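Peer 1: Any chance you could fold what I've pasted below:
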Amino acid sequence: MLVAAAVCPCPPLLVPEVAAGAASELDAARTACIDALGVLAAARPDLLIVIGPADVDGRGPHPEGSQGSFKGFGVDLDVRLGLGGDPGALAERPLPPSLAVGAWLLARADWADAPVEGLGVGETLEAERCASAGRELAARAGRVALLVMGDGSACRTLKAPGYLDERAVSFDAEASRALAVADLATLRALDESLAYELKVAGRAPWQVLAGAAEGAGLNGRLLYEDAPYGVGYMVATWF
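Peer 2: Numbers count the residues shown, from 1 in each chain. Below is the predicted model of the structure:
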């Protein structure tokens, strides 16, 4: 059963070494993410599962010990998912960037409270399949916690990765409100086609969360919402 969740953005720029001179611009987001992880630890889960968007190579489960790297972003920095597992045996299938950022956050928070696994989710996965996957995750252990990595729209300004789209602000506002109050119905109803057009990396992971939270009776709290670089970033906790 799902007992807690943390929602965090997943840009590699969240890692100071990647952001370099612009690192301070995301200090507030980093602080909110670490605070959110504290809520997960306080829930004393039997299992923590990190969920994030992934391309074809990164989709599916990633066992504890899986490794990720930020070398593709010009930084010689490797991360490992959790403390257990056999990283040597898992080196051929690296973590997708979203899960690598999640692993970095866990290491920064000194996570050692429960076993950790990862799940890469296709950004175009249909809503009902997302919800079904979430239900399966919630049934994995008596007390399950989720770290849900994903960004809002990438079309909030002219300089955003997806350029400016006037629909982006309202989409992010709706998603942010839903995350703030653990509104499962609104998350499940997020428009898949519109999310794709707005380059919303978090839509599918958020809908996995909505499926996992069914019947859990969790409350939500929004810790951070902003759009640096024209991309919507939200940090929320469900407990």
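Peer 1: Correct me if wrong: Trp111 contacts Ala36.
Peer 2: No. Between Trp111 and Ala36 there is no contact under Cβ atoms under 8 Å: 11.9 Å. Yep, even glycine has a C-beta here, placed from its N, CA and C like the rest.
Peer 1: Which one's more surrounded, those two?
Peer 2: Ranked by neighbour count (other Cβ atoms under 10 Å), Trp111 and Ala36 place Ala36 first, with 26 against 18.
Peer 1: Find the residue closest to the more buried one in space, skipping its chain neighbours.
Peer 2: Among residues not flanking Ala36 along the chain, Ala6 sits closest, at 3.7 Å (Cβ to Cβ, 6 or more residues apart in numbering).
Peer 1: Can I get the helix or strand hosting the one you found as PDB, trimmed to CA atoms?
Peer 2: Assigned by DSSP states H and E, Ala6 falls within strand 2-8. As requested, the backbone C-alpha atoms of strand 2-8 are provided in PDB (Å, rounded to 0.1, in the frame of the first residue of the first chain):
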ATOM      1  CA  LEU A   2       1.200   3.500  -0.800                       C
ATOM      2  CA  VAL A   3       2.000   5.400   2.400                       C
ATOM      3  CA  ALA A   4       3.900   8.400   1.100                       C
ATOM      4  CA  ALA A   5       5.100  10.000  -2.100                       C
ATOM      5  CA  ALA A   6       7.300  12.900  -3.200                       C
ATOM      6  CA  VAL A   7       7.100  14.600  -6.500                       C
ATOM      7  CA  CYS A   8      10.200  16.300  -7.800                       C
END
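Peer 1: Show me what counts as buried in the helix or strand following that strand.
Peer 2: Where DSSP H and E defines the elements, the next helix or strand beyond strand 2-8 is helix 16-19. For helix 16-19, the neighbour count (16 or more other Cβ atoms under 10 Å) marks 16, 18-19 as buried.
Peer 1: With stretch 210-225 instead?
Peer 2: 210-213, 216, 218, 220, 222-225.
Peer 1: Same check on stretch 93-103?
Peer 2: Judged by neighbour count using 16+ other Cβ under 10 Å, the buried positions of stretch 93-103 are 94-103.
Peer 1: Okay, now the unreliable bits of this protein?
Peer 2: For the chain, applying pLDDT under 70 flags the ranges 86-92.
Peer 1: Pretty sure the residue nearest to Ala36 sits against Ala42.
Peer 2: No. Counting by Cβ under 8 Å, Ala6 sits too far from Ala42 to count as a contact (10.9 Å).
Peer 1: Nothing else from me, thank you.
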